[in-house]
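S.K.: Quick one, what's the 3D model for this:
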Amino acid sequence: MSNEEDQTTNLTTPTGYVTEILPDDVLLDKRQTSSMAKISAPTMYRGIKDGWFPPPIKLGSRSYWIEREIITWLNNSLKKRNARFN
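M.R.: Here you go, the predicted model:
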């Protein structure tokens, strides 16, 4: 594991949620997050409520998602899919 990977790993919880924002982290708005995750905004919010989609962070009245968490969610979805076919 590279030092960069180790640093990132130490800044996440077991669910993949980050515990600290890094200088290179990208914040996504609702439209960008929905597009990246390939799900509708209502489905995103249902997933947040049901606990299977990463919750946003609030900055003022706006909500933003951390790109790294969305990538982790996508990778975890891929792992679950692959586990079904192995």
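
S.K.: Can you show me the helices along the protein?
M.R.: 3-10, 30-37, 41-50, 67-84 (DSSP state H).

S.K.: In CSV: those helices, plus mean pLDDT.
M.R.: Shown next, in CSV, are these (pLDDT from 0 to 100):
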stretch, mean pLDDT
helix 3-10, 46
helix 30-37, 98
helix 41-50, 97
helix 67-84, 95
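
S.K.: Pick the most buried one from those helices.
M.R.: Ranked by average neighbour count under the criterion mean count of other C-beta atoms under 10 Å, those are headed by helix 30-37 at a mean of 16. Where you see a C-beta, it was placed from the backbone N, CA and C, and this is true even at glycine.

S.K.: on that earlier part again, can you list the helices of the chain in CSV and add distance to residue 19?
M.R.: Below are the helices of the chain laid out as CSV (distance: least, C-beta to C-beta, whole Å):
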stretch, distance to residue 19
helix 3-10, 9
helix 30-37, 20
helix 41-50, 18
helix 67-84, 11
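
S.K.: For residue 86, grab the count of nearby residues.
M.R.: A count of nearby residues for residue 86, using other C-beta atoms under 10 Å, gives 4.

S.K.: now residue 63
M.R.: 17.

S.K.: Quick check: the nearest residue to residue 47 once chain neighbours are set aside vs residue 80, distance?
M.R.: Excluding its sequence neighbours, the residue lying closest to residue 47 (C-beta to C-beta, 6 or more residues apart in numbering) is residue 53, at 2.9 Å. Residue 53 is 14 Å from residue 80, where distance means C-beta to C-beta, to the nearest Å.
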